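Novice: please find the sequence and the predicted model below.
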Amino acid sequence: MIKIGYKASAEQFAPRALLDFAVLAAQSGFESCFVSDHFQPWRHTDGHAPFAFAWMAALGERTQRMQIGTSVVTPTFRYHPSIVAQAMATLAALYPARIILGVGTGESLNEVPATGMTWPNFKEREARLREAVGLMRRLWTEERVTHHGTYYHTESATIYDRPAVPVAIYLGAAGPKAAFAAGELGDGFITTSGKDAALYAETLVPNVQAGRAAGGRGEPYDMMMEIKLSFDTDMAQALENTRPWAALALSAEEKTGIEDVLEMERLADALPIERCASRWIVTTDPDEVVARIKPYVDLGFRHLVFHAPGADQAKFLHHFAQQVAPRLRAAF
């Protein structure tokens with residue numbers, strides 16, 4: 001069995017329009033919705049960056065069964081982990097068994113402009129995330145939490161409105177160390193499609209499995225893949241739809257240390273359309289979608305969250321629900 005989700009592109013759409021798309025996704029049979037949490041988007045021109053926690057509450061009120069999660073929040077810099085724990089506890093109390101906290105080590109594009117901080121190396125960012133995950137879990141399960149860690153401190157802290165079951169934490173990862181941490185610490189793993197096949201088969205999945213063994217993380221464990229899919233009735237339009245997301249095609253080396261959204265936009269706009277589309281499944285054929293996704297499912301990814309790049313999200317949702325979703329459910 002697979003679970004089909006919708007990626008709410010908070011960088012691309014204003015809060016109200018994004019909410020309407022997510023509600024339509026729920027009505028179209030999508031079982032989950034994951035929203036990005038950016039202080040700044042990838043593009044300055046026509047960009048958006050709504051506050052994820054507030055937006056999730058609005059979606060919770062307008063849907064009944066859809067799971068709602070972050071992909072991803074950084075609970076280590078502009079947010080103290082105790083504040084993230086409080087926000088997610090409130091959401092989980094409002095919408096029991098529907099809230100998921102996806103977390104990651106962060107991007108300088110989001111944290112530096114908002115705080116003026118000096119961006120640390122990956123080793124420190126991972127250590128902060130590890131400490132934050134442990135602290136949040138304590139705050140969801142213990143009455144009064146005093147914590148004096150390397151990076152964070154609390155004094156007799158209590159979250160008064162806690163859900164009956166602690167919020168599930170998924171860790172996002174694109175490299176071996178982060179994937180190991182996702183398996184060791186998380187209730188689920190989040191990664192994105194469209195990179196070299198060997199990365200998933202030889203690096204990410206084995207490291208998640210090794211982390212799960214090291215951390216004693218049993219079942220259930222959710223393997224979630226954000227599928228980059230530009231599916232349209234017109235191939236030229238499907239290709240053109242990827243252009244606003246050209247920044248995804250930039251390598252880690254090209255993006256590292258860029259804290260100005262205008263500079264990120266400049267680099268992305270210089271890319272040819274073929275490279276803009278390189279991370280995406282670009283097609284008009286629903287059977288091709290299934291064939292291109294099969295390798296991910298074979299690796300154990302059963303939670304497929306679809307990210308569509310086009311401006312006409314309603315069109316995508318309609319065609320996906322009619323043509324792609326039935327084929328995916330029949331195949332897997």
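Specialist: It's in. Numbering: from 1, shown residues only.
Novice: paired strands for the longest strand seen in the chain, with orientation please.
Specialist: Scanning the chain for the strand with the most residues, using DSSP state E, yields strand 222-231. Partner strands and pairing direction for strand 222-231 (DSSP bridges) are strand 188-192 (parallel), strand 281-283 (parallel), strand 303-307 (parallel).
Novice: next, the angle strand 222-231 makes with the helix or strand just after the second one.
Specialist: I take that to be strand 281-283. As assigned by DSSP states H and E, the chain's next helix or strand after strand 281-283 is helix 286-298. Angle, helix 286-298 to strand 222-231, by axes from the mean of the first three to the mean of the last three Cα atoms, to 10 degrees: 160 degrees.
Novice: look at the nearest residue to Arg162 once chain neighbours are set aside and report its pLDDT.
Specialist: Among residues not flanking Arg162 along the chain, Ala89 sits closest, at 5.0 Å (Cβ to Cβ, 6 or more residues apart in numbering). Every residue, glycine included, has its C-beta placed from N, CA and C. Confidence at Ala89, expressed as pLDDT, is 98.
Novice: one more: Ser9?
Specialist: 95.
Novice: how about Ala164?
Specialist: Confidence score, pLDDT, at Ala164: 90.
Novice: swap in the one 5 residues further on?
Specialist: For Ile169, the pLDDT comes out at 98.
Novice: and it, what are its phi and psi?
Specialist: As for Ile169, its main-chain torsions (degrees, to the nearest 10) stand at phi -110, psi 120.
Novice: for the stretch 1-150 of the chain, which segments count as strands?
Specialist: For the stretch 1-150 of the chain, applying DSSP state E, counting those that start in this stretch gives strands covering 3-8, 32-35, 67-70, 99-103, 145-148.
Novice: so for the third one, mean pLDDT?
Specialist: Taken as a whole, strand 67-70 has an average pLDDT of 98.
Novice: follow-up on the earlier one: make JSON lines from the strands paired with strand 222-231 and add distance to Leu271 and mean pLDDT to it.
Specialist: Compiled in JSON lines, the strands paired with strand 222-231 are given as follows (distance: least, Cβ to Cβ, whole Å; pLDDT from 0 to 100):
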{"stretch": "strand 188-192", "distance to Leu271": "18", "mean pLDDT": "97"}
{"stretch": "strand 281-283", "distance to Leu271": "15", "mean pLDDT": "98"}
{"stretch": "strand 303-307", "distance to Leu271": "18", "mean pLDDT": "98"}
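Novice: wait, which of those strands is closest to Asp46?
Specialist: strand 303-307 (17.6 Å; Cβ to Cβ).
Novice: now the element after that closest one, going C-ward?
Specialist: Taking DSSP H and E, what comes next after strand 303-307 is helix 313-319.
Novice: check which helices and strands that next one sits against.
Specialist: Counting contacts by 3 or more Cβ pairs under 8 Å, 6 or more residues apart in numbering; DSSP states H and E, helix 313-319 is packed against helix 15-27.
Novice: CA atoms of the helix it packs on as CSV?
Specialist: Only the C-alpha atoms of helix 15-27 are listed here, as CSV (Å, rounded to 0.1, in the frame of the first residue of the first chain):
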residue,chain,number,x,y,z
PRO,A,15,-1.4,31.8,1.7
ARG,A,16,-5.1,31.8,0.7
ALA,A,17,-4.5,30.4,-2.8
LEU,A,18,-2.2,27.7,-1.3
LEU,A,19,-4.9,26.8,1.2
ASP,A,20,-7.5,26.4,-1.5
PHE,A,21,-5.2,24.1,-3.5
ALA,A,22,-4.5,22.0,-0.4
VAL,A,23,-8.2,21.6,0.3
LEU,A,24,-8.8,20.7,-3.3
ALA,A,25,-6.1,18.1,-2.9
ALA,A,26,-7.9,16.6,0.1
GLN,A,27,-11.1,16.5,-1.9
